[in-house]
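J.: Just a sequence and a predicted model for now, questions to come.
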Amino acid sequence: MATVQLKNVSKRYGATEVLRGIDLDIADGELVVLVGPSGCGKSTLLRMLCGLEEISGGEIIVDGTVVNDTPPAGRGIAMVFQSYALYPHMSVFRNMAFGLKIHGAGRAERKQRVHEAAKALQIEHLLDRLPRELSGGQRQRVAIGRAIVRQPKLFLFDEPLSNLDAALRVKTRIELSRLHRELGATMVYVTHDQVEAMTLGDKIVVMHEGRIQQAGTPLELYQRPANRFVASFIGSPTINLLPGTLLPDSGAHEIGIRPEHLQLAEPGRAPPGGLHLRGEITLVEQLGESHLVYLRSEQGLELVMRGTAQTALRPGEAIEVVAAADSLSFFDTAGQALR
C-alpha cells in the first residue's frame, strides 16, 4: 500500500485559484474521506492525486517519491468514478480482467486475480453476466473489482455511491468498510454526504472554498470542530448556532449546541455555567427510536432538540431546555473555535 503527502498543493485555472495551500498526510492503510459542498475542490484534488489534472504548485509525494510529473499509469493508483464506465459488450469477468490484459498479465494470473476480487466483493456468481443484467449496486461492485485486480498502491473513489438509492447506498457503504479492513488498503474517498464521511473514514478532511478547514477523526470533528463551518457541516440535524449574548461571560460571538445535547429542564433550574432557554414547540418529527423537536425561544431563536420516543411532546406546548457547559462550542466573530 502507500503513504501520501500533499505539500502546499494549489490549482489554478487561469486567474482563478480553486485549491489553495493544501497540506495533508495520509498514512499507509488509512481510509481518508474528503468531504465538503459542491465546488469546494475535493474532486479536483482527487484528480490531481491520480494525475488526471496537473498541479499548479506544491508537491504530491507517494511512498516518498514526488509524482508531480509522473503520468497516471506510472503512479500505481486505481480510481473508481461516480459513473460505472463498464464496457457494455463485455461480461463482468472480461470487464474486470481487461486492464490486466492490457498490461500484459497472463491468462492464469488474470483468472486468479479476478476470482479473488469477485469473492471479496461477493459477485462470483455474476462473472458471466453483461452489465445490463446487473443492478446499480452490482455494477458499482464490478467497477470496484476492476480497480482491486490491479493491486494498486492507492485507491481513489470519486462519489461512487451517489447514483444508488438510499438503501443500496447503506449496504454498499458497509461493504466498502469491510473491504477496506480486509485489504488493509490506502484509500481516499470523495463525497458531499457527511453521513458517508462519518461512517466510512478513519480520517475526515473537511474542505470549503478550496481550503482544508479541518482534518481529524470523525469524533474529533464532531465534538471539537475547528470553526463554524465544520460545526455546521458535520452532523445531522445540523448544530444549533445561537448568539453569544446568551452567555455574556463566554466571550463568544456564537454558541453551538448539538440537538442531542439539549434536554428538557425542570422549571427554574439550569446547569451551572450552561445554557437555559424557554420556548414553544413548533413541530415534532417522529423518527421511531427518537424524535426531533423544533422550538422557538422567547428571544425568537429557532432550535432543534433530539429527544427519546418515550417523551410525549406536542406543538404549541411551552417547554424549558438546558445544555451543560461542557457540551457547548464557542466561536469568535471570524467563526473560529475559541476552545
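T.: Yep, that arrived.

J.: Could you pull up the contacting residues of the residue most central in space within the chain?
T.: Nearest to the mean C-alpha position of the chain, counting by C-alpha atoms, centre = their mean, stands A197 at 2.3 Å. Going by C-beta atoms under 8 Å, 6 or more residues apart in numbering, A197 touches 33, 35, 191, 204, 218, 234. The C-beta positions use only the backbone N, C-alpha and C, and glycine is treated the same way.

J.: ok, those residues vs L19, which is closest?
T.: The shortest gap between L19 and any of the contacts of A197 belongs to V35, at 15.2 Å (C-beta to C-beta).

J.: Can you tell me the SS state at the closest residue to that closest one other than its chain neighbours?
T.: The shortest distance from V35 to any non-neighbouring residue, by C-beta to C-beta, 6 or more residues apart in numbering, is to A197 (4.1 Å). In three-state terms, and counting by DSSP: H, G, I helix; E, B strand; the rest coil, A197 is helix.

J.: Same check on N163?
T.: Three-state assignment for N163 (three-state DSSP): coil.

J.: Correct me if wrong: it contacts S83.
T.: Yes. Judged on C-beta atoms under 8 Å, N163 makes contact with S83 at a distance of 7.4 Å.

J.: roughly how far is the lowest-mean-pLDDT helix or strand in the chain from the heart of the chain?
T.: Sorting the helices and strands of the chain by mean pLDDT, DSSP states H and E puts helix 166-183 at the bottom, at a mean of 84. On the basis of C-alpha atoms, centre = their mean, to the nearest Å, helix 166-183 sits 14 Å off its chain's mean C-alpha point.

J.: name the helices or strands packed onto that helix?
T.: Under the contact criterion of 3 or more C-beta pairs under 8 Å, 6 or more residues apart in numbering; DSSP states H and E, helix 166-183 touches helix 107-121, helix 136-148, helix 194-200.

J.: which one of these has the most crowded surroundings?
T.: Here the criterion is mean neighbour count by mean count of other C-beta atoms under 10 Å, and of the helices and strands packed on helix 166-183 the winner is helix 136-148, at a mean of 23.

J.: how many neighbours does E133 have?
T.: By other C-beta atoms under 10 Å, the residues close to E133 number 12.

J.: quick one, domains of the chain?
T.: Following automatic domain parsing, the chain resolves into domains at 4-233, 240-331.
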